[in-house]
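Q: Can you look at this prediction? I've put the sequence above it.
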Amino acid sequence: MLQNLDLQIDSYPSRKAMGFYKLKDSTNNFSKKGMETAKKAAAFYAATGDKLSDFKNYKISDLGAEIMYSEQKELVIAYKPGPNINFKA
């Protein structure tokens, strides 16, 4: 009777929700974030160059104030899934 029992536990969905990825998922996520960061950096440098080109009306101290005080914090509360458990008797 005990020979026919089958228990399968897949904890990857819950580990993935907490940020513990498999290597393939991790590399895909890392490459996407890298591309997004590069795009944001290029846009930031272009905008900074445009602002600084108007040196009569825009000071470097203004740029420093924008960079230091522009980030907003956000609190996110979300559901994290548990493991997938399959039991067959």
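A: Good, I have the coordinates.

Q: mind checking which helix or strand Asn86 is in?
A: If you go by DSSP states H and E, Asn86 is part of strand 84-88.

Q: Check the spatially most central residue of the chain and give its pLDDT.
A: With distances taken as CA atoms, centre = their mean, Lys33 lies nearest the centre of the chain, 6.8 Å away. Listed pLDDT for Lys33 reads 94.

Q: ok now the host helix or strand of it, how far from the chain's centre?
A: In this structure, Lys33 sits in helix 23-53 according to DSSP H and E. Mean-position distance between helix 23-53 and its chain equals 13 Å (CA atoms, centre = their mean, to the nearest Å).

Q: distance between the helix or strand just after that helix and the chain's centre?
A: With elements assigned by DSSP H and E, the helix or strand that comes after helix 23-53 is helix 60-69. Offset of helix 60-69 from its chain centre (CA atoms, centre = their mean): 25 Å.

Q: Show residues contacting helix 60-69.
A: For helix 60-69, contacts defined as CB atoms under 8 Å, 6 or more residues apart in numbering pick out 48, 51-52. The way it works is simple: take the backbone N, C-alpha and C, and place the C-beta from them, glycine included.

Q: And those residues, which is closest to Ile85?
A: Closest to Ile85 out of the contacts of helix 60-69 is Thr48 (52.3 Å), distances taken as CB to CB.

Q: residue contacts, the closest one?
A: Leu63.

Q: Number the residues from 27 up from this point.
A: Okay, residue one is now 27; in that scheme the one you just asked about reads as Thr74.

Q: ok, so what distance separates it from Tyr84?
A: Using CB to CB, to the nearest Å, Thr74 is found at 10 Å from Tyr84.

Q: Mind exporting the C-alpha coordinates of the helix or strand of the chain with the lowest mean pLDDT to PDB?
A: Least confident helix or strand of the chain, by mean pLDDT, DSSP states H and E, is helix 86-95 with a mean of 80. Provided in PDB are the C-alpha atoms of helix 86-95 (Å, rounded to 0.1, in the frame of the first residue of the first chain):
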ATOM      1  CA  ILE A  86      25.800  72.700 -11.400                       C
ATOM      2  CA  SER A  87      24.500  73.000  -7.900                       C
ATOM      3  CA  ASP A  88      20.900  72.800  -9.300                       C
ATOM      4  CA  LEU A  89      21.800  69.500 -10.900                       C
ATOM      5  CA  GLY A  90      23.200  68.200  -7.700                       C
ATOM      6  CA  ALA A  91      20.000  69.100  -5.800                       C
ATOM      7  CA  GLU A  92      17.900  67.400  -8.400                       C
ATOM      8  CA  ILE A  93      20.000  64.200  -8.200                       C
ATOM      9  CA  MET A  94      20.100  64.100  -4.400                       C
ATOM     10  CA  TYR A  95      16.400  64.800  -3.700                       C
END
